[in-house]
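>>> next comes the sequence, and after it the predicted model I'd like to discuss.
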Amino acid sequence: MRKIANQQGAVLVVSLILLLVLTLIGVSGARSVLMGERMTFASRDAKVALEVAESMTRLGEAHVDSLANLSSFGTSGWLRTAGNGPNDLLAGDTWTDNNSSEREVGMLAADGTSKLSGRMYIELAGLASDDSNAADVDLSTGNTGLDFDDTQVFKIVARGVGIGGTERIIVTLYGKAM
């Protein structure tokens, strides 16, 4: 009987230490899982924002293809003449109704019912003409008698926002013979 009395709760202390260690391991594991989920969501959000911006770029290209003339371009609105586009792509004012156009894309939002939308503006970027230096042209076909119509170049700037608020901006140049 004397042996049991001498222990004075040693098993309880050891059990509490083991329980504390196991709790710390569990909390650490839970934190790792939460961090992994956050990283996965951020990656998905960035991809969704990029897909929205790419879809907006395609809508801009389709709009350029539908143009018969350049009379709709001006110094304000979402269709701008050369040099009259917004200066700061990251400014909030660039992406208002005064400077850009909002369009729906074919992707569904997080609620599964409404569609995602993005914004874009198009600026005239000048002409690409056959005045180019022949050395700048790919002559792999052996054809040196290059002749093509003047091509109007359009700068399409598109912005997509992901489900969690991540933004992606794409700037492309697109040409059309006018």
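Yep, it's here.
>>> name the helix or strand for the closest residue in space to Lys115 that isn't next to it in sequence, please.
Spatial nearest neighbour of Lys115, excluding adjacent residues (Cβ to Cβ, 6 or more residues apart in numbering): Glu104 at 4.5 Å. Using the backbone N, CA and C atoms, a C-beta is placed for each residue, glycine as well. For Glu104, the host element (DSSP states H and E) is strand 101-108.
>>> what's around Glu54, how many residues?
17 (other Cβ atoms under 10 Å).
>>> with Phe41 instead?
Each residue near Phe41 was counted by other Cβ under 10 Å, and the total is 14.
>>> give the contact list for the spatially closest residue to it that is not a sequence neighbour.
Counting by Cβ to Cβ, 6+ apart, Phe41 lies nearest to Gly164, which is 6.4 Å off, once chain neighbours are set aside. Residues near Gly164 by Cβ atoms under 8 Å, 6 or more residues apart in numbering: Phe41, Ala42, Asp45.
>>> pull the helix or strand with minimum mean pLDDT from the chain.
helix 2-7 (a mean of 58; mean pLDDT, DSSP states H and E).
>>> list the buried residues for the lengthiest strand in the chain?
Using DSSP state E to define each element, the chain has its longest strand at strand 115-128. For strand 115-128, the neighbour count (16 or more other Cβ atoms under 10 Å) marks Leu116, Ser117, Gly118, Arg119, Met120, Tyr121, Ile122, Glu123, Leu124, Ala125, Ala128 as buried.
>>> need these in CSV with pLDDT, can you?
Shown next, in CSV, are those (pLDDT from 0 to 100):
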residue, pLDDT
Leu116, 90
Ser117, 92
Gly118, 95
Arg119, 96
Met120, 96
Tyr121, 96
Ile122, 96
Glu123, 95
Leu124, 94
Ala125, 91
Ala128, 80
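>>> kindly indicate which of those residues lies nearest Asp97.
Nearest to Asp97 out of these is Arg119 (Cβ to Cβ; 9.1 Å).
>>> and the closest one, bridged to which residues?
Glu102, Arg159 (DSSP bridges).
>>> wait, it sits on Asn98?
No. Using Cβ atoms under 8 Å as the test, Arg119 is too far from Asn98 to be in contact (11.4 Å).
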